[in-house]
Structure formats: structure tokens, C-alpha cells
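In: Fold the following for me, if possible:
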Amino acid sequence: MRTIRLTLAQALLKFLDNQYVEIDGKEIKFVKGVMGIFGHGNVTGIGQALEQDKDGLPFIQGKNEQGMVHAAAAFAKQKNRLQIFACTTSIGPGALNMVTAAATATVNRIPVLLLPGDIFASRQPDPVLQQIEIPGDYTLSANDAFRPVSKYWDRISRPEQLMTAAVNAMRVLTDPVETGAVTLCLPQDVQAEAYDYPASFFRKRIHLIERRELTERTKARAAELILRKEKPLLVVGGGVHYSLATQDVIAFAEAFQIPVVETQAGKSAVPWDHPLNLGAIGVTGSLAANRAAKEADLIIGVGTRFSDFTTASKYAFQHEKVEFLAINVSPLDAIKLDATAVLADAKKALNSLQAELTQKEYKSSYEDAQIQALRKEWEEEVDRLYSEERSEGLSQTRVLGEINRALGEGDVIVCAAGSLPGDLHRLWRSKLPRTYHMEYGFSCMGYEVAGALGIKLANPEQEVYALVGDGSFVMLHSELLTSIQEGQKINVLLFDNHGFQCIHNLQRENGSEGFGNEFRKRSAETGRLNGDFLSIDFAAYAGALGVKTYRASTLSELQEALKAVKKEKGSTLIDIKVLPGTNTHGYESWWQVGVAEVSTSEKVQRAYAEMQSKIDQVKGRM
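Out: Sure, this is the predicted structure:
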């Protein structure tokens, strides 16, 4: 048997450089490169291997460990999970900074490979710098924090263990059901240890992403359910994108006159102006979609995990005989809401069911005029919000309208947290698939700027815009500097509304007067954070990094800035001053949050009573 003597780190990189996936006969190199920040836990291991292998995987220098993993996750999501970056860090704080981003990837079912450095396996330098000592279990390290947020976790304490660990990592990373964060903990001494690896370990490996077929028995059950329903509703989730089934879901809807609604992850699968598209569903849904959902007697979920925002905390679907059909490759998602589970690839299932239902001459009972009336009413509402004028300044919905009109059909927007996701889900008009990139499984503040970089790396020919609130921007924006370093232009549209206004609104909607969420000075009179607003010049802030910046507090300034950023060759930021509280609110939807059962405030007491009445309505639903 021919062997190659390499360190563990060298062997790992050589292995990753030879991994491919294949879907529908198309072969794709799976690992695009490595993102990393070096420290004493990885610089002389993986760092040395990357420096030595000049023709291997390219290296991108991150600026914050959480941020670079967000960028890697956004890259993988934009690539429909067919290509990834690996991320390497030092031990201790460098590794732990990735935990939040690992959870974000796992919740969203996005593959990322995390390679945190770990404490010495030999235990000779003990305790090493940045080591956490657990007196009751000396096998634990900071990296054990990754266990609950990883779909596969391993600690490689001997160089030969890499062979099974690496293959298992690929098993999970390329699995449409089990994918998420994969963590391989690499003790810093073992990274540099050599082993005679079999040459076969480094052969080109092609991992087949096979489409799960719809069985005849399941097809019959699904068809029987649809055939006895008059008003089905298609709920399009992110799985439609990952299955490359956007055209298939449109064809299915058209064949049987079934209206379509979209989750945050599914949005842009169907053009906004398609005659059957009623828009966003659920807590952040449109009036058209939420009204249709209340009357539907069958909900057909395609590639959705039916989160509480999609179901409006199970309040959205109110027909007394409503049933659920879930097309999904994941058994966990397919059984939610006590649905009839269709365990199959979205494309395969839709095509097979369409043929079956066409043969049975099925049609829904929807009249075209009924669907178009819902669409027309909602389009007029969006037009109103997009054209809203306020004498005191710019409303958030007006700013979104100007941006939506200014951007090209192929430009990509990215968002994750705050009040913007709700407005974008309801109002944004997407024409092409994969131009709406929302991380809303974890709604992780700080994803936006890093995510824009990941998207740009995935689609360098497209303009990418991060729509981010001031609260989220302050929390994490470090990869803006990486975008400059890499020559990857991203555009940051910063909505400065003086704080965490999304949660401020949530407080007030549930009886509070508002507390602790706005960026205000501490008042000398009250001792609380209810003084004047902080004045922050975000344009100057970003300009110091080398970003081309613009300021907009009027409509004309915003319009000119949007035109100008298109002409720039490098990264840009527009500091947009937005009136607080000018976002959209619920359209016949509801979101269950815990309201205080006991309070001295009459407003809170009323909010609690209203919450209980809604809970009573959904009580007992699975």
C-alpha cells in the first residue's frame, strides 16, 4: 500500500481539496477554500499547511470568528448547499466566537465545516494559555460547547483518527437532511504530528446528492388527500430552492389553480407578480396570504419546517377541516402539525403528484377573480407604504420602496434581524430566484454584513446589498474590512432608527411603555436610559475602514446615493436616517410571546388577556 507522510493539518487540507458533489449529473468541487483567524492553537498547524500548499485551497483572512462563519454559511446557502468554506480558529475565545454562527448554520440546515484548535492532547503544557480547566472532567475543553449546535462533532486526538472523522464530516455536510455545522476539534500538538496516510485517502471523492423518489403508496395517499380538498394553499419553503425546484412549484400551482405563499427562506422562488403568488405567510405575512390561509382546507408545505413565524404560532390556519400535507426530505419537518408526510425530494414529488392529479383531472375551487382581488388589495397596500410621505423624515417603508425600485432584478439583498425582515418579507418584490437572502431560522444579529460578503464570494457577478439596522451593524460588521481586503464589493444600506426598534415595538404592542431598547443617553433626572438619542455618524465610522460612504436623511439624498453606489468599484455604505416605529405591523396574524400574568399596568393586563384568548383558540393543535 502506497502511503504519503503528512501532518494531520496537511492531510486534512489535501483531503478537503479532493471532495466533490454531484447532483443531476453535474459535478461540483465542494470545498471552495478556507477562512481563518490564526492563533497559537492553529497557526503552526493548519496555518503552516496552508502556507506550504500554495496551489491548494485559497485562504481568506477573517476579522471576527463569528463573522467569518456567517460569511461561510451565506456562501453555502447562496450556492444551494453545493459548495462550502471551511473555517479555522485558535483555541479558547477564538473557537468559542464561532458557537453562535455554528448554531445559525445548524438551525438553517446550512453546511459549514468548523476546525477550531484545541488544547494539547499530550497534556504536557498544562494548563495551556486559554485553556478552561474542568476539575471534574479533564477531557472537556471550550470546544465541547459546539456539541449541541453541531450536526457532527469529533475531537481528533491522534493523526490517524482523521481518516474516519473526515469521511464522517463529509457524510453529514453533503446530506440534505442532516446537514448543518460540522465541528472537528484539532488539538494544537496533533495538528503538527505526522502520519503515513494511505494514498487512497486522498483520491477524488464524488458524493452523490440523490433525489429521494416519491413511492407509489405515498403518492396515492397524498393524491387522495388533495383530491378531496377544495381550497389548498401551497406554502413554499427554502427546500424548494435547495431542490432547484422553483419552476416545478410554479408549474404545479398553475396546473391546479392553487395560490402560493412563501416563507422567509422560500421567498423569491416565485416571482412577486405571478398571478398565483399571494406573498408572505404568517407573522410577517401579507394580508392576502394570511386571509387565504384562514380559509384554506389543505396546507401543502413544500420544503418548509413550519416554524412559528410561518404558522403564526398555529393561528394562521383556521378552517375547521384544515389538514396538512408536508413534502420534505426531513422526517422531522414532514410530521409537524400532524401532517401527512411525503418523504421525497421536492422536485420529484411535485412532478410525480402533478402527473397523478392531472390524470385525475383535479382543479381547486378557487376562482381567478377571487385570487386577483386578494392580490390587488395587497399590491395597493404595498404601493401606499412604498410611497408614504412623512414631514418629519423618512419612514422605513418609504426607504424600502426607493431601494426596491432602484435595484436591478438580479441584485441580491441580505438581511437577518430587527424590524427589517418583517417589512422585507411582506413588501419586497423579488423577480428572480436567489435574489432574496434572509437568515431567519436563527434571526442572528450581525449576520447581514458578513452574509453579504459570503454571497458576493458565491456570486461575484451580482451586486449584493446588506440591509441592516444600526443595532445589528454595531453588533458585528468586521467582515466589511475583509470585503475591502478581498476586493469583493458589497453595499451596506444602514437603517439608523436609534436602537433595537423591533423589540421596542414588541414591548409596546404587549403593554409596555418601552424600556431599554433605544440608543438613548442615561437621564440625570430618572437614572434610566430615556434621555436624548445618541448621535452616531455611521458614515464616518465606515469611512475610516476605507469604505465609500454616503449620508441620506431626505428622499433626494437617498435616491442620489443609490445611484452613486452602483458606479463604485469597492464596498459602500449609505447611512440612512429613518424615523423610529415606521415599520409595518401584523396583517391579521399573531405571534405568541410570554406576557406577564401579574402587572400593575392596565395595558399589560389587557395584553395578557388578549394573548390568552388567542392561546385558547389554538389550544390542542399539534
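
In: going forward, measure contacts between C-alpha atoms and count neighbours the same way
Out: OK.

In: What ranges does the stretch 201-350 of the chain have for its strands?
Out: Along the stretch 201-350 of the chain, counting by DSSP state E, counting those that start in this stretch, strands occupy 205-208, 232-236, 260-262, 277-280, 298-302, 323-328, 340-343.

In: now the helices for the stretch 301-450 of the chain?
Out: Ranges of helices in the stretch 301-450 of the chain, per DSSP state H, counting those that start in this stretch, are 308-311, 331-334, 346-359, 368-386, 396-406, 420-427, 447-458.

In: and the fifth one, which residues are buried?
Out: For helix 396-406, a neighbour-count test (16 or more other C-alpha atoms under 10 Å) marks 396-404 as buried.

In: Export these as a markdown table, with columns for distance to Ala76.
Out: What follows is the buried residues of helix 396-406, written out as a markdown table (distance: C-alpha to C-alpha, whole Å):
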| residue | distance to Ala76 |
| --- | --- |
| Gln396 | 30 |
| Thr397 | 30 |
| Arg398 | 32 |
| Val399 | 29 |
| Leu400 | 27 |
| Gly401 | 29 |
| Glu402 | 29 |
| Ile403 | 26 |
| Asn404 | 25 |
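
In: returning to that earlier point: with respect to burial, which of the helices of the stretch 301-450 of the chain scores highest?
Out: Burial of these is given as mean neighbour count (mean count of other C-alpha atoms under 10 Å); helix 447-458 ranks first at a mean of 30.

In: follow-up on the earlier one: how about the strands of the stretch 201-350 of the chain in JSON lines, adding distance to Val112, mean neighbour count and mean pLDDT?
Out: Listed next are the strands of the stretch 201-350 of the chain as JSON lines, based on distance: least, C-alpha to C-alpha, whole Å; neighbours: other C-alpha atoms under 10 Å; pLDDT from 0 to 100:
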{"stretch": "strand 205-208", "distance to Val112": "16", "mean neighbour count": "16", "mean pLDDT": "98"}
{"stretch": "strand 232-236", "distance to Val112": "24", "mean neighbour count": "26", "mean pLDDT": "98"}
{"stretch": "strand 260-262", "distance to Val112": "26", "mean neighbour count": "28", "mean pLDDT": "98"}
{"stretch": "strand 277-280", "distance to Val112": "28", "mean neighbour count": "28", "mean pLDDT": "98"}
{"stretch": "strand 298-302", "distance to Val112": "24", "mean neighbour count": "25", "mean pLDDT": "98"}
{"stretch": "strand 323-328", "distance to Val112": "22", "mean neighbour count": "26", "mean pLDDT": "98"}
{"stretch": "strand 340-343", "distance to Val112": "25", "mean neighbour count": "22", "mean pLDDT": "97"}
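
In: Could you point out which of the ones you listed sits nearest Lys376?
Out: Closest to Lys376 of those, according to C-alpha to C-alpha: strand 277-280, at 9.7 Å.

In: got the contact list for that closest one?
Out: 259-264, 267, 270-272, 285-286, 288-289, 371, 374-375, 425-426 (C-alpha atoms under 8 Å, 6 or more residues apart in numbering).

In: and Ala253, how many neighbours?
Out: Using other C-alpha atoms under 10 Å, Ala253 has 21 other residues around it.

In: what's the distance between it and Gln264?
Out: 19 Å (C-alpha to C-alpha, to the nearest Å).

In: Equivalent analysis for Phe473, please.
Out: Taken as C-alpha to C-alpha, the span from Phe473 to Gln264 is 21 Å.

In: Could you check which of these two has the larger neighbour count?
Out: Each of Phe473 and Gln264 has its neighbours counted (other C-alpha under 10 Å); Gln264 has more, 28 against 21.

In: could you measure that one against Gly117, distance?
Out: 35 Å.

In: what does Ile574 give?
Out: 38 Å.

In: Compare these two (neighbour count), which wins?
Out: Using other C-alpha under 10 Å as the criterion, Ile574 and Gly117 rank with Gly117 on top: 32 against 23.

In: Double-check Ile503 against Asn517; I have them as touching.
Out: Yes: the pair Ile503 and Asn517 passes the contact test of C-alpha atoms under 8 Å, sitting 6.9 Å apart.

In: Name the nearest residue to Ala458, ignoring sequence neighbours.
Out: Spatial nearest neighbour of Ala458, excluding adjacent residues (C-alpha to C-alpha, 6 or more residues apart in numbering): Phe75 at 5.3 Å.
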